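Student: Quick one, structure for this:
(one chain, ligands or ions: 2)
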Amino acid sequence: MLLAGKGHHVRLWAREPEIVNSIQKHKKNSVYLSDLTLPENITSSGELGEVIRGSGLVVFATPSHTIRSMAEKVRPLLEGNERIVSVAKGIEMDTFLTMSQVLTEVLDGVIEEDHIGVLSGPSHAEEVSRGMPTTVVASSTSRNTAVFIQQTFMTPQFRVYINRDIVGVEVSGAVKNILAIAAGIADGADLGDNAKAALITRGLTEIRRLGITLGASQDTFSGLTGIGDLIVTCTSQHSRNRNVGYRIGKGEKLDDIITSMDMVAEGVKTTKSVYEWSRILNVTMPITEKVYQVLFEDVSPQDAVYELMTREPKEEVIF
Ligand SMILES: NC(=O)C1=CN([C@@H]2O[C@H](COP(=O)(O)OP(=O)(O)OC[C@H]3O[C@@H](n4cnc5c(N)ncnc54)[C@H](O)[C@@H]3O)[C@@H](O)[C@H]2O)C=CC1
Ligand SMILES: O=C(CO)COP(=O)(O)O
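Tutor: Ligands and ions are numbered 1, 2, ... in the order given. All right, here's what the predicted structure looks like:
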């Protein structure tokens, strides 16, 4: 919607034939944004070749665990001069790579690393697609590519800053989903506003610890992709991750929740990858550890909270 509004011809690939058909015939995404009419310059196809060939910019916008397989399919269709942007938020299982790192690895030999970037920050699609004011961050190892992304996406409703700390930007965007699950659990279990503020604040400390261990810059965590995205995802009615947590807090089982959803809550997989990664790196992430135990080891939210609250007394250390 954003890019089409700026006059670009947007070719949307989707794996669901019903979405492709509904966009082709009725200019509606019948599954995900059914109440919006899409402009004429958004077209859709189920054939990747029709969508990719001749593009100046390729945006990867599928869930993070699918970025590697999507990039493998896209690779032979690229000419080599395209710019690549990821909007996916996650850390790959087993490799612990960020999404731009996955793209750099898979597209190596076809696309230069400095043509790859990310767009991230507090940006629920339900609001962006309706032109509601949103601010995000463009990042890349190349300043030129970050500026290209900024100029391509920026509108009076969608303000794009540049941050060259791509590691900090991507780690923040991925890990905040784990904390949104925690915040949702707290809401579902009626733990109150104090608990939520504590989860957001101490959660940011966990993001910062992991990010700085990986070489990120301290400042990024005070920015839009750090505290900004953490706030929106922990508090928004639109957040899938918060919603998964909320239902767990109300007593539902994870498998039942996932089966009932037609969208992906990235934080579930990211909890696994980041929990394992933090243990390998020896980074202390107690909230992440408890979310892992609640999701995958049948620990009750009440026991998890008790264990968090009765950790040994400490000084408030921000890093
Ligand atoms: N929805 C939002 O407000 C925002 C989402 N993001 C990120 O963007 C990425 C995509 O998010 P959403 O669009 O909300 O996800 P979604 O769950 O709505 O799925 C997007 C599309 O990906 C397709 N998909 C799922 N599995 C696939 C596979 N194996 N191969 C190919 N396509 C597949 C789905 O069918 C759907 O058409 C995620 O990483 C998310 O964290 C970032 C900012 C905001
Ligand atoms: O990243 C998002 C908002 O910035 C979307 O969060 P959810 O995936 O929890 O809906």
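
Student: Wait, residue 167 touches residue 210, no?
Tutor: No: judged on Cβ atoms under 8 Å, residue 167 makes no contact with residue 210 at a distance of 10.0 Å. The way it works is simple: take the backbone N, C-alpha and C, and place the C-beta from them, glycine included.

Student: These two: which has the busier surroundings?
Tutor: residue 210 (24 against 19; other Cβ atoms under 10 Å).

Student: Look up phi and psi at that one.
Tutor: Per-residue torsions, residue 210: phi -70, psi -50 (degrees, to the nearest 10).

Student: and the closest residue to it other than its chain neighbours, what is it in contact with?
Tutor: Once flanking residues are discounted, residue 210 sits nearest to residue 283: 5.1 Å by Cβ to Cβ, 6 or more residues apart in numbering. When contacts are counted by Cβ atoms under 8 Å, 6 or more residues apart in numbering, residue 283 touches 206, 209, 210, 213, 277.

Student: now do residue 105
Tutor: Contacts of residue 105 (Cβ under 8 Å, 6+ apart): residue 97.

Student: what do you get for residue 214?
Tutor: 167, 171, 281.

Student: ok, now which ones touch residue 42?
Tutor: Taking Cβ under 8 Å, 6+ apart, one finds 1, 4, 10, 12, 23, 27 in contact with residue 42.

Student: Pull the contacting residues for residue 294.
Tutor: Per Cβ under 8 Å, 6+ apart, neighbours of residue 294: 185, 248, 300, 301, 304.

Student: Quickly find the element holding it.
Tutor: Element membership of residue 294 [criterion: DSSP states H and E] is helix 286-296.

Student: distance of residue 149 from residue 57?
Tutor: Residue 149 sits 8 Å away from residue 57, taking Cβ to Cβ, to the nearest Å as the criterion.

Student: neighbour count winner among those two?
Tutor: residue 149 (24 against 17).

Student: isn't residue 272 right next to residue 289, touching?
Tutor: No: counting by Cβ under 8 Å, residue 272 stays clear of residue 289, with 11.7 Å between them.

Student: Could you tell me how far residue 154 is located from residue 146?
Tutor: 12 Å.

Student: So for the two, which residue has more residues nearby?
Tutor: residue 146 (24 against 16).

Student: Looking at residue 272 and residue 289, which has the bigger crowd around it?
Tutor: With neighbours defined as other Cβ under 10 Å, residue 272 and residue 289 compare such that residue 289 has more, 20 against 17.
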